[in-house]
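Chemist: turn this into a model:
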Amino acid sequence: MTLDRRTLLALSAAAAASPAAAAATADPLRNVIVVNALGGLGDPNFPEPPRPVLTPRILADARASGTTAVNITIGFVAGQAEPFQASVAEVAQWTRLIRENPNDVTLILTAADIARAKRDGKIGVIFGFQNAAQMGDDASRVDIFADMGVRVIQLTYNLRNQLGDGAIVPEGRGLTEFGRKVVDRLNANRIMVDLSHSGRQICLDAIQASRQPISINHTGCRALVDLPRNKTDEELRLVAEKGGFVGIYFMPFLNLSGHATAADVVQHIEHAIKICGEDHVGIGTDGGTTPIDNMETYKEMLRQEHEDRKAKGVAAPGERADTHPFVLDLRGPDQFRKLHRLLSERGHKPARIEKILGLNFVRYARDIWGD
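Modeler: Below is the predicted model:
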């Protein structure tokens, strides 16, 4: 049977109108690379397990969210564990998890791996540390972690370590001599130097000391909300001028009330673009994509977690037992689609939105990791 052009057009239109085709066309993230510069693969409905796990729900929610790649926090952050041993152990645990789930997740070592994860329909996992205390007094440990696949190392958490002062240390000590040695080894191994959670002076020092661009993978803008976990315009501007990357988080620090909204996220993204330019701003939510099933149960878990953070001395100004470590109206598997829509409604063009959601991170990763 020969079909004329009119019939072919009609059949094409009918196919396009089918539910599957319509759903594919309607998904704004279908062809968009989404990189969460600091996030998680976990389930907030349960206490943190002693060893990392990837349940079917965690994987399904991450896939449904459109996430292409996510920088997960592994290794020592704070507490009584021996930092080096704890970090080596958790890197090994995550390496095994990835090996056991080859159809769902893949380890990201280069920028090209991010594009490959998108093409293959997998979740790209980036190994990242939120503290460099695990270096002890030996900067060459950076080499060990680089060989194990770690691609992001944050110099400090909220407190002081041997590299300098974190965001909540009043003295605000800058980059130490040992810290300079660590930065040098990070550069040599092409590992991202992350200044999230850092004090202002160590951030400024590290920007100047690093031979490569640095990142602040999850932060807000202090010009909008004056809290230690947010970065000053000076810090943001210098990061961009050196070719770096700034990720805006979905955290309570975006609003002095401690209860940030999606509108706050958009406002901080727009301010960061004003200071840094549209080629240097992205997202680092500091959270995952699995939603909370029972908010009342979760609040009790959160209260206990907050008491533990206070006991460790790492709770930052802006954290309280009643604040949530996420944005209430920008969470779950739909969070990135909603952000896409909100940015579009604010007049941001698709090309800029795609940069914010992932391409700016990919550009920065290419500069640091290579293809």
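Chemist: next one: phi and psi at residue 142?
Modeler: Residue 142 adopts backbone torsions of phi -50, psi -40, taken as degrees, to the nearest 10.
Chemist: tell me how far it lies from residue 136.
Modeler: 11 Å (Cβ to Cβ, to the nearest Å). C-beta coordinates here come from the backbone N, C-alpha and C atoms, glycine included.
Chemist: and these two? which has more neighbours close in?
Modeler: residue 142 (24 against 13; other Cβ atoms under 10 Å).
Chemist: show the pLDDT at that one.
Modeler: Residue 142 carries a pLDDT value of 98.
Chemist: just residue 324 next, same as before
Modeler: Confidence score, pLDDT, at residue 324: 89.
Chemist: that one belongs to a helix?
Modeler: No: applying DSSP: H, G, I helix; E, B strand; the rest coil, one finds residue 324 to be coil, outside a helix.
Chemist: I figured it hits residue 302, correct?
Modeler: Yes: in this structure, residue 324 is within contact of residue 302 by Cβ atoms under 8 Å, at 7.0 Å.
Chemist: how about the strands in the chain?
Modeler: 35-39, 69-73, 105-107, 123-129, 150-154, 192-194, 215-219, 245-248, 281-283 (DSSP state E).
Chemist: any buried residues in stretch 52-72, and which?
Modeler: 54, 58-59, 61-62, 65-72 (16 or more other Cβ atoms under 10 Å).
Chemist: start to end distance for that stretch?
Modeler: End-to-end span of stretch 52-72 (Cα to Cα, to the nearest Å): 11 Å.
Chemist: that stretch - what's its average pLDDT?
Modeler: pLDDT averaged over stretch 52-72 gives 98.
Chemist: stretch 280-293 now?
Modeler: On average, stretch 280-293 scores 97.
Chemist: what's the answer for stretch 171-182, then?
Modeler: Here the average pLDDT along stretch 171-182 is 97.
Chemist: next, the buried residues of that stretch.
Modeler: For stretch 171-182, by 16+ other Cβ under 10 Å, it's 172, 173, 174, 175, 176, 178, 179, 180, 181, 182.
Chemist: got JSON lines for those residues, with distance to residue 111 too?
Modeler: As requested, the buried residues of stretch 171-182 are arranged in JSON lines below (distance: Cβ to Cβ, whole Å):
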{"residue": "172", "distance to residue 111": "34"}
{"residue": "173", "distance to residue 111": "34"}
{"residue": "174", "distance to residue 111": "31"}
{"residue": "175", "distance to residue 111": "27"}
{"residue": "176", "distance to residue 111": "31"}
{"residue": "178", "distance to residue 111": "30"}
{"residue": "179", "distance to residue 111": "27"}
{"residue": "180", "distance to residue 111": "27"}
{"residue": "181", "distance to residue 111": "27"}
{"residue": "182", "distance to residue 111": "23"}
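Chemist: from the residues you listed, pick the one nearest residue 269.
Modeler: Closest approach between those and residue 269, by Cβ to Cβ: residue 172, at 26.7 Å.
Chemist: contact partners for the closest one?
Modeler: Residue 172 makes contact with 165, 199, 200, 201, 202, according to Cβ atoms under 8 Å, 6 or more residues apart in numbering.
Chemist: among those, which are in helices?
Modeler: 200, 201, 202 (DSSP state H).
Chemist: circling back to that earlier point, closest one of the buried residues of stretch 52-72 to residue 151?
Modeler: Distances from residue 151 to the buried residues of stretch 52-72, taken by Cβ to Cβ, are shortest for residue 71, at 7.9 Å.
Chemist: about what we covered before: could I get the strands of the chain as CSV with distance to residue 298?
Modeler: Formatted as CSV, those follow (distance: least, Cβ to Cβ, whole Å):
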stretch, distance to residue 298
strand 35-39, 18
strand 69-73, 20
strand 105-107, 25
strand 123-129, 24
strand 150-154, 26
strand 192-194, 28
strand 215-219, 21
strand 245-248, 24
strand 281-283, 23
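Chemist: which one of these lies nearest to residue 364?
Modeler: Nearest to residue 364 among the strands of the chain is strand 245-248 (3.9 Å), distances taken as Cβ to Cβ.
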